[in-house]
Structures are given as C-alpha cells and as structure tokens.
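# Below: sequence and its predicted model.
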Amino acid sequence: MGLKRKNLVSATFAMSSMTDLIFLLLLFFVMASTMSSPNDIKINLPQAHANRNTKKVVAKVSIDNLGQYYVALGKEKPIKIDVNALEAYLESIQQQDSTMYVALHADEDIPYKEVVRVLDIANEHNMKLVIATKNVGKR
C-alpha cells in the first residue's frame, strides 16, 4: 500500500518581497525630497498671502526703488532722511517708547544690502522689526 507522506510546511518567511518594497519606498522618498527643494528657486519678494497687521506701528522706514530712505511716525506723512541719520532717528524714537515697532517698507527692486542695513540697526538696538509686504490675495 502506497501511503503518501504529507508535505511539511516550513515556518520561514520570504524576505525578498519585503526588501523589494523597502527599496522602492527608499527610492520614492529620495526622489521626492530632491524634487521638493530644487537648486534654482525663483522667488518674487516681497509678497505675502496672509493679511496680518501689527497692532502698533510707531516708526515706518521706507526705501524706494532709487535707494532713498523715508521715515514716518504712525500715520504721518513720510519725510526723506539720510541713511547715516537713520540710526540716530530710530534711537530717539526708541527712547520715547521702548515697545515700538519698526515697519520696513522696501521696494522689491532695491539691493538686498539696503534691507540688511535696516535689519542690522534694529538688531543692534533690540527693536522689533516688521517687514511689510504687499497682499496678493488668496489663490
């Protein structure tokens, strides 16, 4: 009588399909991370979609496209000021009110060093600085 033996089921797990899956996931994340931060990012500053205003703006510093500086207190009319006198002007306002904000309105076509100059003045004297942007609305 020919009895057939039962096939024994082994309790092993085939890892080949799991390694293929891990490799594909790794490849996906590497590709996705390089595409999310390309080397050439073309940005058009300054624009913002948020419409958030500060509650208290005491000093406004404006830089036009010719690099000329203007200052104003609150809602007063802006007056032209020399760049060398800007630091002394902001210090005098800060002595009157230590909780003041400086709003920087800079044209998008001016050199970045002009913006950094105002940022350095505000940083040296611990002033709160807000950079104003134009609202382009919701998309």
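Right, received. Where do you want to start?

# Report the distance from the host helix or strand of Ala32 to the chain centre.
Of the helices and strands defined by DSSP states H and E, Ala32 is found in helix 16-36. Offset of helix 16-36 from its chain centre (Cα atoms, centre = their mean, to the nearest Å): 30 Å.

# pLDDT on that helix, on average?
For helix 16-36, mean pLDDT rounds to 83.

# Any regions of the protein where pLDDT drops low?
For the chain, the stretches with pLDDT under 70 are 1-3, 34-57, 133-139.

# Show me the helices in it, by range?
For the chain, the helices defined by DSSP state H cover 16-36, 86-96, 112-124.

# For the last one, what is the distance to the chain centroid?
Right, the one you point to is helix 112-124. On Cα atoms, centre = their mean, the centre of helix 112-124 falls 16 Å from that of its chain.

# pull the CA atoms of that helix into CSV?
Taking C-alpha atoms only, helix 112-124 is exported to CSV below (Å, rounded to 0.1, in the frame of the first residue of the first chain):
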residue,chain,number,x,y,z
TYR,A,112,19.3,93.3,-0.5
LYS,A,113,22.1,95.1,1.4
GLU,A,114,19.8,98.1,1.9
VAL,A,115,17.3,95.9,3.7
VAL,A,116,20.1,94.3,5.7
ARG,A,117,21.3,97.7,6.8
VAL,A,118,18.0,98.4,8.5
LEU,A,119,17.8,94.9,9.9
ASP,A,120,21.3,95.5,11.5
ILE,A,121,20.2,98.8,13.0
ALA,A,122,17.1,97.2,14.6
ASN,A,123,19.1,94.2,15.8
GLU,A,124,21.8,96.3,17.4
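
# when you give positions from now on, start the count at 3
Taking 3 as the first residue, the last one we looked at is helix 114-126.

# Identify all contacting residues around it.
63, 65, 69, 85, 88-89, 92, 104, 106, 108, 129-131, 133 (Cβ atoms under 8 Å, 6 or more residues apart in numbering). (Glycine included, C-beta is placed from N, CA and C.)

# what about burial for those, which qualify?
Among those, those scoring as buried are 63, 65, 88-89, 92, 104, 106, 108, 129, 131 (criterion: 16 or more other Cβ atoms under 10 Å).

# Just the CA atoms of the helix holding Ala34, as PDB, please.
Included here for helix 18-38 are C-alpha records, laid out as PDB according to Å, rounded to 0.1, in the frame of the first residue of the first chain:
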ATOM      1  CA  SER A  18      12.800  39.000  -0.900                       C
ATOM      2  CA  SER A  19       9.400  40.700  -1.500                       C
ATOM      3  CA  MET A  20       9.900  42.800   1.700                       C
ATOM      4  CA  THR A  21      13.300  44.100   0.600                       C
ATOM      5  CA  ASP A  22      11.900  45.000  -2.800                       C
ATOM      6  CA  LEU A  23       9.200  47.000  -1.100                       C
ATOM      7  CA  ILE A  24      11.700  48.800   1.200                       C
ATOM      8  CA  PHE A  25      13.900  49.600  -1.700                       C
ATOM      9  CA  LEU A  26      11.000  51.100  -3.700                       C
ATOM     10  CA  LEU A  27      10.000  53.200  -0.700                       C
ATOM     11  CA  LEU A  28      13.500  54.400  -0.200                       C
ATOM     12  CA  LEU A  29      13.800  55.300  -3.800                       C
ATOM     13  CA  PHE A  30      10.500  57.200  -3.700                       C
ATOM     14  CA  PHE A  31      11.500  59.300  -0.700                       C
ATOM     15  CA  VAL A  32      14.900  60.100  -2.100                       C
ATOM     16  CA  MET A  33      13.200  61.300  -5.400                       C
ATOM     17  CA  ALA A  34      10.500  63.200  -3.500                       C
ATOM     18  CA  SER A  35      13.000  65.000  -1.300                       C
ATOM     19  CA  THR A  36      15.100  66.200  -4.100                       C
ATOM     20  CA  MET A  37      12.100  67.500  -6.100                       C
ATOM     21  CA  SER A  38      10.700  69.500  -3.200                       C
END
